[in-house]
Each structure stands twice: as C-alpha cells, then as structure tokens.
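Visitor: Structure of the sequence below:
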Amino acid sequence: MTTVHEVVSVTPERGDAGRFTTRFGRPAAVVLVLLCGFTLLLGFVNKDRCTGPAFDQWGRTQPDYDERNKQDVCYSDIQHLWIGRDIDRHVFPYVDGGINDKGILVGGSVEYPVLSGLLIWAGAIFAQNDAEYLLYSALLMAPFGLLTGWLLGKLARWRALLWAIGPPLVLYAFHNWDLPVVLCSVAAVYVVHRWNRPLVQRATVASVLLGLGFAFKVYPAAFVLPLMLFVATGGWRGQELPAGKKADVAGAVKVGLASIVTVVLVNLPFAFAGYEGWLASFEFQQLRRVDITTNSIWYWGLRPFIGDDPMQSLVGVLSPVMVLVSFAVAAGYGWLRFRREGSYPWIAVSGAMLCGFMLLHKVHSPQYTLWLVPFLVLLRVRLVWAFAYFVVDLAMGIGIFRWFWAIEFGQPAGIYDSFSAQAVMIGVWGRAALLVALFVVFLKARDVTEDDRDDLKFLRGAVAAKG
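Guide: Below you'll find the predicted structure:
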C-alpha cells in the first residue's frame, strides 16, 4: 500500500490533541540555520565597522567615534554603553547600583531587566575595549538568533526566511540585547504547538518561557493572557478540555501563575542583594522623557502642538492607558473569533498586542522590529506586509543615524533640505501606519499551526490518489 512518505517528501507526526504536523526536514533546517548564521555574520560586520583601529585609556574606539557611528550607520547600543554603565569596570549589575537625582544610572545598574543585565555583564568579562565587548556580546547572543531561526523553520518552514535573511537581522541583531527575548517568545509558541504533552503542561512551560522573556525585555509577559484564554477554552477546537467541563479555568490560572512565579524567582535575588540598584532599572524607564531619541508617534505627533512639560505629563498617562486598551481590544476580538471558529487565536492576539505596544509605547527603538518579525512568520499574512515594513524600517534604521549626524556635525538637517530627515519621517509614520494595519490584519489571520490539519488532508488525498 502506498504510504504518505512515498507520495511527498514530508512525513506527518503526531501533534497535540489529535492534530498533525508536517516536519521541516533536517537538511532544510540546516540550510535555514546556515543562512541565518551568514546573516548574523553580516550583522556583526556591519556593527564592527564602528570599532577601532585605536582605543583611548577607557577602551573607547578612536578616532572620531561619535561621528563615525552615525555617519557610517554602524552605531550599536552594545558598543556605546561600554562607557557609562560601569560595564568597562566589570561591575556586577544592580547590587551596588542606583539612580541619582539627575536620572543617571550609577554603580552598575542598567536600564534593562535582570537577565539582560546579566548578559550585558557576561559579555564584558574578558573585554578590555568596546570592540572586544561587541565581539564577545555577539558571540553570546548569536546562538539565540540561530535557535530562533531553527524553531521558526520547524513551525513555519521556508516562511522562516523572513527571519533568517531579512534586513532587520543585519541591522539589529547586535544593536542591543534583543535576540534572547525573541527566542523566549518563539520557543513558547513551539512548546505549545509541537511538544507532545497535555495542553496545560505545554502551556505552563510556555508561560515560564514568557516569564523569562519578561526578565529580558518585559514585552512577552503580555502574551500570557491570550495563552491563558487558549488553555481555558481547551486549545484547538476545545479538544483538550477536561472531561465534562466547558472551560478549564484551573488550568488557565495555573498557566498564569507559572509566569508570575518565574518573574518573582528570577528577580528576587537581585532585589534582596541590592534593592535600589534593581529598582533603578524600572525607575529609569519610568522617568525617561519623550524626545528626539525615542522615535515614537507621541514625540512627533504632539511636539508641534504643546509644550515639553505638558507633553511629558500627558504621554506619561496616555501611553500606558492606550497600550492597555489595545491589549483589551485584541483579547476581546480573539474571543469573538473563538465563539465563531471554536479556537482562541492566541498567537494572532499576541501579535496584535505587540503591534499595539510598539505603536503606543513612549519609546520605539529601531531594534523592536526584531520582536515583530516572528509574528510575520507565524501568522499567515501576505508577504507584502513584511516587505512593506522592512522598507519603512530601513528608512528609519538608516535615516535616524544619518539625521543625528547631520544635526550634530553641522550638515543640512531640515525636512526640506535633508533626505535623512525625510527618511525619518517616512520611518516614523510609515511604521505607525503599518502597525495599525497589522494590528487588524494579525487579528484576522490564521497562524501557521492551523495549517497542520490542512496538510494532513492534503497528504491523505495524495495517498488516496496513488491508490
């Protein structure tokens, strides 16, 4: 009798709740990871252009570091923060730190959650200058990027090329410390939809991963709510509800608690060892002003109409409220889809939540694009959306540094006589428009795991056709 494997080159394997998946074969996965590795190498080479050839007594690149990193568009936070956060002094983060009256972090505190702080410190252990620090930090983070590519390949097959060879990985892989948090989000999806365990077990592990993501860069914590709703409604078409129950409230609560406990356990040692230094990272973000460096719609939308102090006060309230409203809208629409389709679309809702956060948060750093790309892979949206976002992101990622260079070094910088200023406007408002559109598009989209059943139907049809 003809088997499925004889008909096509992929084989079905048992998935959750009676679902099936088609495997992304080992040779394909190897090719994808190699391509991802090459892209990461290009990303490092791009940032490494800013290092050396000489260094001053503090290990800062010479000559003309401040001009080169903007003019040549090779700036990275990793290299830049070698000086100013006691990283060059190899101070262990948070324990003896704090924030002074001017809002400046001192004593080893950094503006990121504790796992990112550990990564920042670890990259500097053997470094003596900013070039070595960039290199060692890149070596630490590259495996996170490669594993993300592998997991996306297993989930979405060749659609994962959007991650593996996309421009954002070149521009931002080593711009900041974002690759680990992206891995946490993608790994959570992989565990829920590819691990062969009961739903609550899978979702609990995924929730732990999202809690770890919070300890890197905060935003994955938002995805715990849609994951809880996915569990409460029994997963795919309600097939994993406990016998005799219409909702698994206990399972959903367990999933939510797993993330909370993870966050507490990771943060407690730092809070006990140095409460002021640990708290300083959150205070820094709370006190951060909306200015030309934040790249958000709030600065560019409100600055022409109100003064700086009123703008800061307004954004301090309006931004978090609007972010929460966007979360509620996304979760509510997901519930409508559940009532209509029988499955709560937790990946789609998570992607929409991220769009809401990126659009409405008071800071929109260029590297946040790395957070978005996996959802462009995991959700079945037209590729034109990804390509359009890459174009406006390139305008922002390149234009912002060329514009800063023009402003700081006496070059034409007005909107009518500077292409870099025009590129920034394209980047700010182009990203904003696309995030609004993607918020809607994501909420309506199927995710790649929903195609598994369709794949099975195709394979069975092919077997039947072969006789």
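
Visitor: how about residue 305, phi and psi?
Guide: Backbone torsions for residue 305, taken as degrees, to the nearest 10, come to phi -110, psi -30.

Visitor: Count the residues that sit near it.
Guide: 8 (other C-beta atoms under 10 Å). For the C-beta atoms, the positions are set from N, CA and C on the backbone; glycine is no exception.

Visitor: mind checking how far it is from residue 346?
Guide: 39 Å (C-beta to C-beta, to the nearest Å).

Visitor: Repeat that for residue 207.
Guide: 11 Å.

Visitor: try residue 134
Guide: Residue 134 is 37 Å from residue 346, by C-beta to C-beta.

Visitor: likewise residue 429?
Guide: From residue 429 to residue 346 the distance is 30 Å (C-beta to C-beta).

Visitor: and those two? which has more neighbours close in?
Guide: Comparing residue 429 with residue 346 by other C-beta under 10 Å, the one with more neighbours is residue 346, at 28 against 14.

Visitor: got a list of what that one touches?
Guide: Residues in contact with residue 346 (C-beta atoms under 8 Å, 6 or more residues apart in numbering) are 192, 223, 226, 227, 229, 230, 334.

Visitor: Going by residue numbers, what spans are helices in the stretch 301-450 of the chain?
Guide: Per DSSP state H, counting those that start in this stretch, the stretch 301-450 of the chain carries helices over the ranges 308-341, 346-360, 369-378, 383-408, 419-444.

Visitor: Tabulate those (TSV), appending distance to residue 285.
Guide: Supplementary listing: the helices of the stretch 301-450 of the chain in TSV, determined by distance: least, C-beta to C-beta, whole Å:
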stretch	distance to residue 285
helix 308-341	11
helix 346-360	13
helix 369-378	16
helix 383-408	20
helix 419-444	21
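
Visitor: Mind putting the ones you listed into CSV with distance to residue 65 and mean pLDDT?
Guide: Output for the helices of the stretch 301-450 of the chain, formatted as CSV (distance: least, C-beta to C-beta, whole Å; pLDDT from 0 to 100):
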stretch, distance to residue 65, mean pLDDT
helix 308-341, 29, 96
helix 346-360, 30, 98
helix 369-378, 25, 98
helix 383-408, 12, 96
helix 419-444, 20, 97
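
Visitor: buried residues in stretch 240-254?
Guide: 240, 241, 248, 251, 252, 254 (16 or more other C-beta atoms under 10 Å).

Visitor: Please apply the same query to stretch 73-86.
Guide: Going by 16+ other C-beta under 10 Å, stretch 73-86 has these buried residues: 73-83, 85-86.

Visitor: Please enumerate residues in contact with that stretch?
Guide: Contacts for stretch 73-86 (C-beta under 8 Å, 6+ apart): 46-51, 58-61, 68-69, 87-88, 97, 105-110, 120, 123-124, 127, 129-131, 133-134, 137-138, 174-177, 397-398, 401-402.

Visitor: Nice, that's everything, thank you.
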